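1. just to be clear, the model below is a prediction. Sequence and coordinates:
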Amino acid sequence: MERANIGVIGGSGVYQMEGLTDVKEVKVKTPFGDPSDVIMVGNLGNQRVAFLPRHARGHRIMPSELPVKANIYALKALGVERIISISACGSLREDIPPLDIVVPDQLFDRTKSRASTFFGNGLVVHISFAEPFCPELSGILYSAAQKAGARVHDRGSLVVIEGPQFSTKAESEVYRQWKMDIIGMTALPEAKLAREAEMCYATIAMVTDYDVWHPSHDSVTVDMIVQNLLKNAEMSKRIVRYAVGEIPPEREHCPCPTALKDAIITSRDMVPSGAQRQLALLLDKYLPQEQKTKRPRTKRKSFV
């Protein structure tokens, strides 16, 4: 089975990862269906990296339709511990113009119809999400963006809307009053599910436009976004290459690897057997050994 320590989720305009060597296409089956696309696993420098185009090659999946549970589970199944997300966004600040890069540290959820947890149906889990992005990985991305020559902003609040429509002017102005810095459609529920899977998650947010609030800029259009996406795509890949080389082998300076440790509220002896089987990849290290051995062997299966 192919393995990788680092995952890269490519957003709009980033459908492949140049520079990978010894590349294998991996189809991963999960309890939540198929991921967005096949996962490309290859070497980037001295790291084994798994690349997944979020919207599928050819951009065929809109934000509300993304199989995010399958995407995160599939990367976890391949051994990924850290996820670098590449995402297009709009700017809500004059001093963050198009073609800038932001490494956000906060999220504001304005989505409406997305499943945002692996749990439920008899299993209650409340993860800490005060700091939604991994601080260590975010710091690495910011440093990598500087080395890559990008105009980059350290930290910022990203408001995530449902889409696929862009904001109204009234909405955009309200987000600015709320002191949001950038706006996008895909960081949630990705970040929440990655935290539940105890994976480090951080975002390279590529600014393509000024949303619709700016008085001297045209309203956001697909053509405008596509043109800036093409310009930003190469920079984002360059940042990833620098970042991958700086990622340490161990995760010792962030809370992500133990996010579930004190978050499972349901009594361990009352975790439904269905959840135990479906989420063994996430739960096994937290269930008593005697409870795990009660599962019939015939019901255990690999999803890779």
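-> Perfect, thanks for sending it.

2. which residue, neighbours along the chain excluded, lies closest to residue 150?
-> Spatially, and ignoring its direct neighbours in sequence, residue 150 is nearest to residue 101 (4.6 Å; CB to CB, 6 or more residues apart in numbering). No exception for glycine: its C-beta is placed from N, CA and C like everyone else's.

3. scratch that, residue 201
-> Nearest non-adjacent residue to residue 201 (CB to CB, 6+ apart): residue 194, at 3.8 Å.

4. is it true that the one you found touches residue 84?
-> No - Residue 194 is beyond contact range of residue 84, at 10.9 Å (criterion: CB atoms under 8 Å).

5. still on that earlier bit, show me what the residue nearest to residue 150 is bridged to.
-> Residue 101 has the following beta-bridge partners by DSSP bridges: residue 152, residue 206.

6. check contacts around it.
-> 145, 150-153, 204-207, 232, 235-236, 239 (CB atoms under 8 Å, 6 or more residues apart in numbering).

7. picking up where we left off before, the residue nearest to residue 201: neighbouring residues, count only.
-> 29 (other CB atoms under 10 Å).

8. may I see the ChimeraX selection of the buried members of the contacts of residue 101?
-> Applied in ChimeraX, the following selects the buried portion of these according to 16 or more other CB atoms under 10 Å:
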select :145,150,152,153,204,205,206,207,232,235,236,239
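
9. now render the contacts of residue 101 as CSV, adding pLDDT and distance to residue 47.
-> Shown next, in CSV, are the contacts of residue 101 (pLDDT from 0 to 100; distance: CB to CB, whole Å):
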residue, pLDDT, distance to residue 47
145, 97, 18
150, 96, 21
151, 96, 26
152, 98, 22
153, 98, 26
204, 97, 17
205, 96, 22
206, 94, 22
207, 94, 27
232, 82, 23
235, 92, 20
236, 91, 17
239, 96, 15
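
10. enumerate every residue touching the closest residue to residue 34 other than its chain neighbours.
-> In space, and not counting its chain neighbours, residue 34 is closest to residue 70: 6.0 Å by CB to CB, 6+ apart. Residue 70 makes contact with 30, 32-36 under the criterion CB under 8 Å, 6+ apart.

11. repeat that with 6 Å
-> Taking CB atoms under 6 Å, 6 or more residues apart in numbering, we find residue 70 in contact with 30, 32-35.

12. quick one: which of the residues you listed is most hemmed in?
-> Busiest of the contacts of residue 70 [other CB under 10 Å] is residue 35, holding 27 neighbours.

13. who touches that residue in this structure?
-> Contacts of residue 35 by CB under 6 Å, 6+ apart are 70-71, 74.

14. give me the subset of these lying in helices.
-> The members of the contacts of residue 35 that map onto helices under DSSP state H are 70-71, 74.

15. if we can go back for a sec, pick the one among the contacts of residue 70 closest to residue 112.
-> Nearest to residue 112 out of the contacts of residue 70 is residue 32 (CB to CB; 20.0 Å).

16. per-residue pLDDT of the closest one, please?
-> On the pLDDT scale, residue 32 is placed at 97.

17. can I get stretch 53-70 in CSV, CA atoms only?
-> Provided in CSV are the C-alpha atoms of stretch 53-70 (Å, rounded to 0.1, in the frame of the first residue of the first chain):
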residue,chain,number,x,y,z
PRO,A,53,-7.3,18.0,-6.6
ARG,A,54,-10.2,19.2,-4.4
HIS,A,55,-12.6,19.9,-7.3
ALA,A,56,-11.3,17.0,-9.4
ARG,A,57,-9.3,17.4,-12.6
GLY,A,58,-11.3,19.5,-15.0
HIS,A,59,-13.0,21.3,-12.0
ARG,A,60,-16.1,19.2,-11.9
ILE,A,61,-17.2,19.4,-8.2
MET,A,62,-18.7,22.6,-6.7
PRO,A,63,-18.0,23.5,-3.1
SER,A,64,-21.2,22.2,-1.6
GLU,A,65,-20.8,18.9,-3.4
LEU,A,66,-17.3,18.1,-2.3
PRO,A,67,-16.9,14.7,-0.7
VAL,A,68,-14.9,16.2,2.2
LYS,A,69,-15.3,13.2,4.6
ALA,A,70,-14.0,10.9,1.9
